[in-house]
Each structure stands twice: as C-alpha cells, then as structure tokens.
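> model this:
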Amino acid sequence: MHKIGLFYGTYTGITSMVAKKIADELGAENVDLHNICNDGEAMQNYQYLIIGTSTWSIGELQEDWDHFMPKLQTMDFTGKTVALFGTGDQVGYPDTFLDGMGMLYETFQYRGAKFVGFWPTTGYDFTSPLPLLDHDHFVGLAIDEDNQSELTDERIKEWCKLIRPAFNL
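Numbers count the residues shown, from 1 in each chain. Presented below is the predicted three-dimensional model:
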C-alpha cells in the first residue's frame, strides 16, 4: 500500500485531472488515487489523506461526496493527517467559490483530522467565507481552471512542496 490515499469526486473531470497532477508531483509510487464513488471506505486504511472536490451548482457539495457523506460522518480520523484541495469558478460563483472544500473541512475536522496544506488567498477574487481558515488562507489548495488555468501547475507544485514534510516525503 502507498503512503497517501488521494480521494476525489468529479463531474467534469477537472478535479480528477488535478488529483492526477498532485499524485504525479508527489510521486505516483507514494499515492493511491481513489474516486470517492468507487471506494470511499478505503480512506480508513491510510494515515495520510488528500481529499479533493469541486463545488457544484450554487454552493453544493459534489454529488459523489454528498452520497458518501452519511458514511463519512461515521468515520474516525483522529491521528490522520489530511490535506484538502478544491476546484471551482471564482468569477461565475464568487459567493460559493470552493464551498465544497469548506464543507469537507468541517466534516473531517469534526471527525478528528489534523490538517496541513493551508493555501494563501492572494491572487483570488471571491466572497465566500466557507473555504477559509482565516482571512488570508483557504483550508486547502484552491484551483480555478475556468479562469486561472495558467496558474494550476505552479500552484500544485508549490502546494505539494508545502505538504511533503507532513506526509514524510
């Protein structure tokens, strides 16, 4: 088994693409990719987790995560290290940008997870408070492929540098 379980939900394929880029950046030998709709319960088998979601419609959790939520809410993540990433559209939906990531943060936090990988809000233009740790940081990596795709690869690279020590890489 690999060190890190990376679990994601996706509709359009953007979150899946970002998940694969993160796995490549951390070294594919270190990461097991899991689509949440197929094997979400496997996250209990990992000490280190990366969790990714999009925000769908107007501030809703991605459907596969939404369907998995009842099981997720029974799991214990005490002692597990979790890094989050979210994909969204800050121009079209500034008031709900990355709300899905914020919802997952709240759920994992309540279940005992320790978080790493908080990401600066500099360079983004949005109004939603849900994905924020504080005024200056998101609860995880923020990706906007719709409006800032030219920044995605560099953001992933820098974020992976940030989380590597916490995942003993």
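> centroid residue for this protein?
Closest to where the C-alpha atoms of the chain average out (C-alpha atoms, centre = their mean) is F85, at 2.4 Å.
> ok, how many other residues are close to the closest residue to that one other than its chain neighbours?
The shortest distance from F85 to any non-neighbouring residue, by C-beta to C-beta, 6 or more residues apart in numbering, is to L141 (3.9 Å). (C-beta placed from N, C-alpha, C; glycine too.) Residues near L141, counting by other C-beta atoms under 10 Å, number 27.
> what distance do you get for L141 to Q73?
Note on L141: its distance to Q73, by C-beta to C-beta, to the nearest Å, is 24 Å.
> same thing with N30?
Distance of N30 to Q73, given as C-beta to C-beta: 28 Å.
> by residue count, which strand of this protein is the longest?
strand 48-56 (DSSP state E).
> Provide the strand pairings for it, with the direction of each partner.
If you go by DSSP bridges, strand 48-56 pairs up with strand 4-8 (parallel), strand 60-61 (antiparallel), strand 81-87 (parallel).
> quick check: which of those strands is buried the most?
Neighbour counts (mean count of other C-beta atoms under 10 Å) averaged over each of the strands paired with strand 48-56 peak at strand 81-87, with a mean of 27.
> helix or strand next in line after that one, which one?
Per DSSP states H and E, the first helix or strand lying C-terminal to strand 81-87 is helix 99-110.
> the closest residue to D136 other than its chain neighbours: neighbouring residues, count only.
Among residues not flanking D136 along the chain, T121 sits closest, at 5.8 Å (C-beta to C-beta, 6+ apart). Using other C-beta under 10 Å, T121 has 17 other residues around it.
> return the residues in contact with T121.
T121 is in contact with L132, H135, D136, H137, F138, A142, counting by C-beta atoms under 8 Å, 6 or more residues apart in numbering.
> what's the most distant pair in those residues?
Maximum pairwise distance among the contacts of T121 (C-beta to C-beta): 14.2 Å, between H135 and A142.
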